[in-house]
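Chemist: My questions are about this predicted structure, shown below with the sequence.
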Amino acid sequence: MNLVGRLFSSSIGRKILMAVTGLILIAFVIGHLVGNLQVFQDPDHVNGYAAFLHHWGPTLWAARIMLLAAVAVHIWAATVLTLENHAARDVKYSVRHTIRATLASRLMRWTGVVVLAFVLYHLAHFTFGFAQPATFKENLGAYTMANDYRVGGFPVVAKGESVPDVHSMMILGFQNRVVSAFYIVAIGMLSVHLLHGFDSMFQSVGWRSGRWSRALRLVAILFCAAYFLGNVAIPGAVLTGRLQVHAPSVATAQR
Ligand code: HEM
């Protein structure tokens, strides 16, 4: 059997697949957060950034397909590993370990389900515009770039270009308290999911009992807390009135 076949058919292979796809998804959520935090700067930033990503065309689609495949493999491997653990548990573990393992895997399962539901809602919200059509970028007036948007000093979206108003869409969307509350709860679940994901990855590679295990766990906790706070800062700033839409789009949205 070739390497790919062995990855999918053995228990250790599936653990490797879980870890690798988990790392791909973590890289995405970090990049996404860094991009989204530009909402705290003038609208040129997040609007230029979103337009820049959409300019990628086929490369963007390749990245989306890779992301979707990572999600599918991650969920498939998690399901198969959980079923295997259930089958093996009675034989292998003491009662205390069984209870701990059951709680951790239940937590992973339920936080995973909430995160999946969140991503589907989030796509309906900000990508397809079904959830809040009145504040969807395509239904707001286009934004005219006041300055070039530069990446590495190179202008990738030009001053004067008309781009979708993602800045106003985010802010108007989060002015709805129920929507913001759902985002905050879901991102909390995602952060717990990430923390336990790190735990099980460290366990699989034997880093949970070594000399650096406590320091490693602390780094994982700090990372997940920072990730949570970074995301929550956006709806939080909208709800407290610190982030407001720039004037032209307010007029367009209220039309
Ligand atoms: C406060 C938190 C978040 C904000 C403000 C936010 C904002 C956005 C926006 C504005 C878009 C649409 C970009 C565009 O098409 O121009 C988007 C797309 C997306 N977001 Fe988020 N997001 C947040 C959290 C998350 C989280 C936690 C996840 C994953 C668990 C996520 C996954 C995605 C995905 C998969 C897309 C689709 C990307 C694509 O079109 O290819 N987002 N997000």
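Modeler: In hand now; what should we look at? Residues are numbered from 1 along each chain as shown.

Chemist: need the residues of this structure near the ligand, please.
Modeler: Residues of the chain lying near the ligand by CB under 6 Å from any ligand atom: 29, 32, 36, 50, 64, 115, 119, 122-123, 126-127, 166, 170, 183, 187, 190, 231, 234-235. Where C-beta positions appear, they are placed from N, C-alpha and C, glycine not excepted.

Chemist: So for R100, what's the pLDDT?
Modeler: Predicted confidence (pLDDT) for R100: 63.

Chemist: cool, L103 as well?
Modeler: pLDDT, read off for L103, is 75.

Chemist: Just the element for it, please.
Modeler: Element membership of L103 [criterion: DSSP states H and E] is helix 95-122.

Chemist: Pull out the buried positions in that helix.
Modeler: Across helix 95-122, burial judged by 16 or more other CB atoms under 10 Å covers 105, 108, 111-112, 114-115, 118, 121.

Chemist: One more: stretch 37-49?
Modeler: Across stretch 37-49, burial judged by 16+ other CB under 10 Å covers 38-39, 43-49.

Chemist: can you tell me the distance between the two ends of that stretch?
Modeler: End-to-end distance of stretch 37-49 (CA to CA, to the nearest Å): 11 Å.

Chemist: Go ahead and measure how far that stretch is from the middle of the chain.
Modeler: Using CA atoms, centre = their mean, to the nearest Å, the distance from the centre of stretch 37-49 to the centre of the chain it belongs to is 18 Å.

Chemist: Most proximal residue of the stretch 51-200 of the chain with respect to the ligand?
Modeler: Sorted by distance to the ligand under CB to the nearest ligand atom, the residues of the stretch 51-200 of the chain start with F126, at 3.8 Å.

Chemist: Skipping adjacent residues, who's closest to that residue in space?
Modeler: When the adjacent residues along the chain are set aside, F126 lies closest to M169, with 6.6 Å between them (CB to CB, 6 or more residues apart in numbering).
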